[in-house]
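A.B. asks: sequence and predicted structure, then a few things I'm wondering about:
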Amino acid sequence: MATPRATIPLKYQPQRYYCTDTVNSDCQKGFISATGLNHHYNAVHKHHTTRPSHPQQHSWQPTGQHDGSGDDNVEPQGAYYVKHPVLDGTPVDLNGDDLPEGASPPKPNTPSKRAWHPFESRAHFELADFIFHQNEMPGAQIDELMHIWASMPGQAGTPPYANHEHLYKGDAPWTSFSMESVEAGGSGGPSWKHSVFGEKGQCVWSDLMTGNWAWNQCNELSKDPDNHGAMFVPIILGSDKTTVSVATGNNEYYPLYISAGNVHNGMRCAHGEAVSLLGFLSIPKTDKEFEADPEFHTFQRHLFHTSLEAIFHAMHPAMTKPQSVKCADGHYCRAIYGLGPYIADYPEQALLACIVQGWCPKCTAHQTHLDHDPNAILCNHEYTQLLMDSFASYVLWQKYGIVDDILPFIASFPHANIHELIAPDILHQIIKGTFKDHLVSWVETYLKKHYKNDFAAVLADIDRHGFKQWTGNDSKALMKVYLPAIAGYVPNEMLQALSAFMDFCYIVCQSSLGEADLEALDKALQHFETHHSIFEAEGIHSDGISIPQIHALQHYHEAIELFGAPNGLSTPIVESKHIHAEMAQVLLVNQWQDKLAQFQAECLAEGRELTIDNLSLLNSLFSGLLDKPLIPQDNVHEDTSFQDDPYLQEAEDDDSERVDAVVQLAHKPSEMGQDIGHPELPDLVSIFLFQQRNPGVDVPDISKCPKAIDPGYSFSSAVATFYAPSDFSGANGMHCQCIHASPSWRNGAPCYDCVFVEKDPTLPGFQGLYVAQVLLFFSFHYQNVHYPCALVQWFTPVGNELCINTGMWKVGHEYDEYGDHLVSVIHLDSILQPAHLIGIYGDEYIPPDLHYSDSLAAFGSFYVNKYSDHHAFGLAF
């Protein structure tokens, strides 16, 4: 009979070690022991050097007419920017007077806040962070947690918060105002940066402040001498009517969002706190019989614009005279504000511009021939007012697409034109508006017309994924695989139209665009407009193509020059802020999240230069906040139960520093045994070792190659981290994907992914790459050197150029002299990122029982999918 083990009482161990990584300074994760902190740092914050850059997809050749330097005789050296000579954000003192160059920030006259303001203590801060950020705990559960807390010995019946109402209580109350119809009622980075120039002096547009609009606004504001030395701060707005599902039914809300224009696009796209909820617009209701009443629609429009004008009325003085504000670096600057781009989908764009649905909100092109109106000009408020003064309401509606008796709210504010400020909308204009709603629909109409009785079978063969609910993410996923799927079923000209459109979409989604990119954008749009005539010739759209969402593509070139990269001003930014809860919870959660973000930002601003090694300075900074230092210098018992961060999902964002591409093995290896299914591995490892130790030398007889004695470790996956800001990414644009090499992934089918392998970084695009399938990830040591490796199976290009119809490269399996698949061992550093291969289907239907895990064995040749993500688009051209 086994002797029972003694019961050892468990003791609470506080987190005493906190992450202070200088690159990812917002981490601050806590650990019980120094071992846990070290494991976390090595796994999550291990920084890498960048590999050599590949040639850019769109090369730029200077014309000699413009080099961006302002001096045609000076050869520009590398990348640089030009700042505005007047509105340059000069630091000032508390009285608004300019500080000498290099002076330290002035200290505020107000008494310093307590250490954890606006929280009472560190415990209050961490509890609020846990409830609102990590757990999103309902009110009833908060009450229960406080009851449990109060009943614990030593708490004296006093929890941190009395109940959920105490926790919800804030110091920034929401206000509301009411309106009625008169008839019805009976009575971060420096904001002065402008033109950014890349290599060879080409203009580069990225953040909003690199666009011509900000520069033009500064020119206009500089006419007033009182504005000299000020900092221009654009106000970005966005609104999106949404339905929130709650237990009692569906409620419609109309949230209005705000963001500072001098925040980098990456911060705005990372779905953090750069975008804030400003308020909720009213949604007027009426009986069903009056929903189509023109008077009710007029009331809706006037209510919308009057509400927005009232909301920003208090900011009007700050749009003409600067006010002193404290910046993130501690300095004070004189800031002058201005209404900037407005993010909205097309129906709301029409409402904002006060135009009739079906017309363009930016130009005067007629709705019957939007893309081919030779008399079209850009709209402005003065032109609209002139038309209103000259024509009757029905003429304005029918001939000019203008809604009479109302001007946009923005006309009441200085230096603002809503027709110019309507931001490009990648999601609703390109992905949904053009691709999903029209191109895919037109292709299905063509298939139904030409395949008739076989239409259902053809459509099932194309759409193997079954897209039933069309959302933005589904549309993006379909875009990545659609071209190869329809190849062979539609005319080549239709494929070329779709390929040109896809190129346009992926160029627009880049985080920065140079003059060469804009030339490529114009070329892609021209090819798309040329080839989409096939839909007219086939009788699918015989009356001509005049659709606002498609016409909007013509305005992207100008919008990029005005406002920078469109992915920093797209509707998903505001849609991501929607919270599925009651309105009261929306207000409270947003308020607490702002307080949490405020506190974290203040702490990071004070300690941003600290490192793990600078213990004395770190401890003095936080002295008095804790009973013990954040990072005690004495040794403690190791935490043997430590487990690092959870495994990565298939794809996720990453807040690490920007690098070109990094691949790391999974955190938990398995000892590699003798029977791993690859008997050729020992010889391949010997060849690999010889090549590593003798680069450029031909491999001799295998018997003369070094032998690895270490048994090594195998891994089921690796993680590729690469720069892909248009995909789901962190603040620095970094994106993570898993690369699998497992005989049974998640207790299911085997999964052996493909990768891009570096061939020659000096060659452009796919010419400098290999494609391989990973069969095994493993690592071993030889003579005290660690080698992380992969056993791969190679593919070889089919032909010497891109497929003219799809714009993709083709590859096939590569075989050795014995007719077997060519395999070899490569170093993990030679892998760039996952590659997506799509089988070239041919003339036969795909067997219904073909499993996706067998696709690489079922087809003889494949398309190399350059549309799998932003980084692949820049590699596999």
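C.D. replies: Nice, thanks for sending it over.

A.B. asks: for this structure, what helix or strand is lowest in average pLDDT?
C.D. replies: Ranked by mean pLDDT, DSSP states H and E, the weakest helix or strand in the chain is helix 615-621, scoring a mean of 35.

A.B. asks: quick one, phi/psi of W809?
C.D. replies: The phi and psi values for W809, taken as degrees, to the nearest 10, are phi -80, psi 160.

A.B. asks: so it sits against F795, correct?
C.D. replies: No. Using C-beta atoms under 8 Å as the test, W809 is too far from F795 to be in contact (10.2 Å). In short, each C-beta sits where N, CA and C put it, glycine included.

A.B. asks: tell me where the stretch 351-500 of the chain has helices.
C.D. replies: Under the criterion DSSP state H, counting those that start in this stretch, helices of the stretch 351-500 of the chain are mapped to 381-390, 393-395, 418-421, 440-451, 455-462, 472-486, 492-508.

A.B. asks: so which of the ones you listed is nearest S855?
C.D. replies: Closest to S855 of the helices of the stretch 351-500 of the chain is helix 472-486 (C-beta to C-beta; 11.6 Å).

A.B. asks: still on that earlier bit, with mean neighbour count and mean pLDDT added, can I get the helices of the stretch 351-500 of the chain in TSV?
C.D. replies: Below are the helices of the stretch 351-500 of the chain laid out as TSV (neighbours: other C-beta atoms under 10 Å; pLDDT from 0 to 100):
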stretch	mean neighbour count	mean pLDDT
helix 381-390	14	94
helix 393-395	11	93
helix 418-421	22	95
helix 440-451	17	92
helix 455-462	15	83
helix 472-486	18	79
helix 492-508	22	95
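
A.B. asks: which helices and strands sit right next to the helix or strand harbouring S714?
C.D. replies: Assigned by DSSP states H and E, S714 belongs to strand 713-715. Helices and strands touching strand 713-715, by 3 or more C-beta pairs under 8 Å, 6 or more residues apart in numbering; DSSP states H and E, are strand 670-671, strand 769-782.

A.B. asks: quick one: which of those is nearest F528?
C.D. replies: With C-beta to C-beta as the criterion, F528 lies closest to strand 769-782 of the helices and strands packed on strand 713-715, at 26.9 Å.

A.B. asks: may I see the buried residues of that closest one?
C.D. replies: Of all the residues in strand 769-782, those buried under the rule 16 or more other C-beta atoms under 10 Å are 769-780, 782.

A.B. asks: and of those, the nearest to D710?
C.D. replies: Distances from D710 to the buried residues of strand 769-782, taken as C-beta to C-beta, are shortest for F780 (4.6 Å).

A.B. asks: could you report the neighbour count for the nearest residue to the closest one once chain neighbours are set aside?
C.D. replies: With sequence-adjacent residues excluded and distances taken as C-beta to C-beta, 6 or more residues apart in numbering, F780 is closest to G712, at 3.4 Å. When neighbours are defined as other C-beta atoms under 10 Å, G712 has 19 of them.

A.B. asks: wait, G712 sits on Y782?
C.D. replies: No. If you go by C-beta under 8 Å, G712 and Y782 don't touch, sitting 9.7 Å apart.

A.B. asks: what's the burial count for the nearest residue to K321 once chain neighbours are set aside?
C.D. replies: In this structure, K321 finds its nearest non-sequential neighbour in D226, 6.3 Å apart by C-beta to C-beta, 6+ apart. D226 has 12 neighbouring residues, counting by other C-beta under 10 Å.

A.B. asks: surely D226 is within a helix?
C.D. replies: Yes. Counting by DSSP: H, G, I helix; E, B strand; the rest coil, D226 is found in a helix.
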